[in-house]
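1. give me the fold of what follows.
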Amino acid sequence: MEKYYLFLVLAFISEVLGTISGFGSSILFVPMAALFFDFKTVLGITAVFHVFSNLSKIVLFRKGIDKQIVLKLGLPAVIAVIAGAYLTTYLPVAAIELSMNIVLILLALYLMFNFNKTIKKTDANLYLGGAASGFIAGLAGTGGAIRGITLAAFQLPKDIFIATSAVIDLGVDTGRAVVYVSNGYFKKEHLLLIPFLIGIGMLGSYTGKLILLRTSELIFRYLVLAVIIITSLFQLFQMF
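-> Below you'll find the model as predicted:
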C-alpha cells in the first residue's frame, strides 16, 4: 500500500509541473510511473489519468483555447496516436524513445539560444507537429514534449499554450485510452486508483494555475524548454 501512496504523491508533483510547463504531466508521469508498474500498465494508467487531468485544465484555462490550432494540430495527433498505440506490441519502443529524447534536447537547446526566432504557424507545421506528437504518445506514452516544442516555437501566450495543448491532449489520451484498455493495459486492480487520479488531476492543475498567475511570459517560455531538457535527460539516464 505504501507503494501507492508514494505513487500518488509523485503523480501530484508531475501534474503541478506539467501544468506549469504547459504540455501536460505525461513527460514526467511516464518515467515516474515506470518505477512502480510494467511498461504496458504505465501506458494504460497514464492515458486514463490524463483524460481527467486535461478536463481540469480545459475548465481552468478555457478562455485561452485557440480553435484553429486545436483542429490543425489536434486532428492529426488523434489519428496518429491510435496508429502508435496499436504498434506498441510490434516496434522497438526503446530505440524510438532514445531517438526522441536526443532530438528533443537538441531542439530545446536550439530554441533556448535562439529565443527570438519563431517557427511560422503554417498549416504544414501544425499538421506535422500534431502527427509526430500523437504517434509518439501512442507508442511511448508521452508526446507532450513534441507538442510543447511546436507550441513553444510559435511563442504563444501561456494561457493559449496551456488551454490549447490540453484540448489536443484530451483527444489524444481518449483515443489511446480506448486502445490500451481494450488490450488489457489498464487492469481491474487499478480501478481503485481512478478516484484518486481524478482528485490529483483537479488539485494539481489548480495549483499549477496559481503558480502561473505569478509567472511572467518570458519565464514561462524558458521553463517549458528547461522541463523538456531535464526530463529528456532523465529518461536517457534511465535507459542506460
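2. for the protein, longest helix please?
-> When the chain is scanned for its longest helix (criterion: DSSP state H), the result is helix 158-182.
3. that helix - contacts with which helices or strands?
-> For helix 158-182, the packing partners by 3 or more CB pairs under 8 Å, 6 or more residues apart in numbering; DSSP states H and E come out as helix 39-60, helix 67-86, helix 123-140, helix 144-153, helix 217-239. Backbone N, C-alpha and C define where each C-beta goes, glycine included.
4. which of these sits closest to Lys187?
-> Nearest to Lys187 among the helices and strands packed on helix 158-182 is helix 39-60 (6.6 Å), distances taken as CB to CB.
5. can you list the buried residues in the closest one?
-> Within helix 39-60, the residues that qualify as buried by neighbour count (16 or more other CB atoms under 10 Å) are 39-58, 60.
6. which elements pack onto that helix?
-> Helix 39-60 sits against helix 2-21, helix 26-33, helix 158-182, helix 193-212, with contacts defined as 3+ CB pairs under 8 Å, 6+ apart.
7. and if we set it to 7 Å?
-> helix 26-33, helix 158-182, helix 193-212 (3 or more CB pairs under 7 Å, 6 or more residues apart in numbering; DSSP states H and E).
8. now those in JSON lines, with mean pLDDT?
-> Shown next, in JSON lines, are the helices and strands packed on helix 39-60 (pLDDT from 0 to 100):
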{"stretch": "helix 26-33", "mean pLDDT": "74"}
{"stretch": "helix 158-182", "mean pLDDT": "81"}
{"stretch": "helix 193-212", "mean pLDDT": "88"}
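9. between those helices, which one is closest to Leu87.
-> helix 158-182 (10.3 Å).
10. now that closest one, how far from the centre of its chain.
-> Shown here is helix 158-182, whose average C-alpha point lies 8 Å from the average C-alpha point of the whole chain (CA atoms, centre = their mean, to the nearest Å).
11. same question, stretch 202-218
-> For stretch 202-218, the separation from the chain centroid amounts to 16 Å (computed by CA atoms, centre = their mean).
12. and for stretch 176-183?
-> A distance of 17 Å separates the C-alpha centroid of stretch 176-183 from that of its chain, computed with CA atoms, centre = their mean.
13. so Phe36: helix, strand or coil?
-> The three-state label given to Phe36 by DSSP: H, G, I helix; E, B strand; the rest coil is coil.
14. from Leu8, how far out is it?
-> Between Phe36 and Leu8 the distance, using CB to CB, to the nearest Å, works out to 10 Å.
15. what of Lys187?
-> Computed as CB to CB, the Lys187 to Leu8 distance reads 17 Å.
16. again, but for Ser56
-> Plainly put, Ser56 is 16 Å away from Leu8 if you go by CB to CB.
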